[in-house]
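In: Below are the sequence and a predicted model; questions follow.
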Amino acid sequence: MSYFVRKTKQLYGARCAEPPGGFGIKLMITPKQIMDGMADKNRMLTQKNDEYIDLSEKRAQAERAYSVAVSKETLRQKADGQSITIIDKVVKGSVADLKYDLDVAEGVLKACLNSIKALTIAIDTYRSLLAWQKAEMLRTE
């Protein structure tokens, strides 16, 4: 018996229902707990959406800084008479820190988006649990 099941039995007694295809797993979660969990995930989703907006702006700023630095460095290398065939390699080495910042910004943005997707799935799961409990309640009446 899992910790969650034991704790729920302690709090709510033996009231529990087995979902269809539950493989013997007992769900003992009240509609209030579901609604509270859904409200919490919705709050977290709102925060993540705000964070995503900020991270998108930071990524755009990092990309702008990188592009400007590449352009400036390319022009400077051409003006210095650097061989055309190796300018790209020299420029990449010169602006490597800005490229790193851009890559990190993209990674953080993707991680935030994955977090948003996970929160959306969690909210959908809570909705499904609530619908299932409603159906169970109507079935037992």
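Out: Right, received. Where do you want to start?

In: For residue 90, see how far away the residue sitting furthest away from the middle of the chain is.
Out: Relative to the centre of the chain, and counting by C-alpha atoms, centre = their mean, the farthest-placed residue is residue 81 at 47.3 Å. Applying C-beta to C-beta, to the nearest Å, the value for residue 81 to residue 90 is 12 Å. In short, each C-beta sits where N, CA and C put it, glycine included.

In: Please, which helix or strand holds the residue lying closest to residue 78 once chain neighbours are set aside?
Out: Spatial nearest neighbour of residue 78, chain neighbours left out: residue 87 (6.7 Å); criterion: C-beta to C-beta, 6 or more residues apart in numbering. Assigned by DSSP states H and E, residue 87 belongs to helix 84-94.

In: Quick one: list the elements packing against that helix.
Out: Judged by 3 or more C-beta pairs under 8 Å, 6 or more residues apart in numbering; DSSP states H and E, the packing partners of helix 84-94 are helix 31-79.

In: OK, contacts around the spatially most central residue of the chain?
Out: Among the residues of the chain, residue 115 comes closest to the average C-alpha position under C-alpha atoms, centre = their mean, at 1.1 Å. Applying C-beta atoms under 8 Å, 6 or more residues apart in numbering to residue 115 gives the contacts residue 48.

In: remind me which residues of the protein are low pLDDT?
Out: Where the chain drops to pLDDT under 70, the residues are 1-28, 141.

In: buried sites along stretch 96-110?
Out: Neighbour-count burial for stretch 96-110 flags 98, 101-102, 105, 109 (criterion: 16 or more other C-beta atoms under 10 Å).

In: Any idea how many residues pack against residue 80?
Out: Residue 80 is flanked by 9 other residues according to other C-beta atoms under 10 Å.

In: For it, grab phi and psi.
Out: Dihedral angles phi and psi of residue 80 (degrees, to the nearest 10) take the values phi -80, psi -10.

In: Quick check: it vs residue 94, distance?
Out: Separation of residue 80 from residue 94 (C-beta to C-beta) stands at 12 Å.

In: Likewise for residue 36?
Out: Counting by C-beta to C-beta, the gap from residue 36 to residue 94 is 54 Å.

In: Nearest to residue 138 among the buried residues of stretch 96-110?
Out: residue 109 (43.9 Å; C-beta to C-beta).
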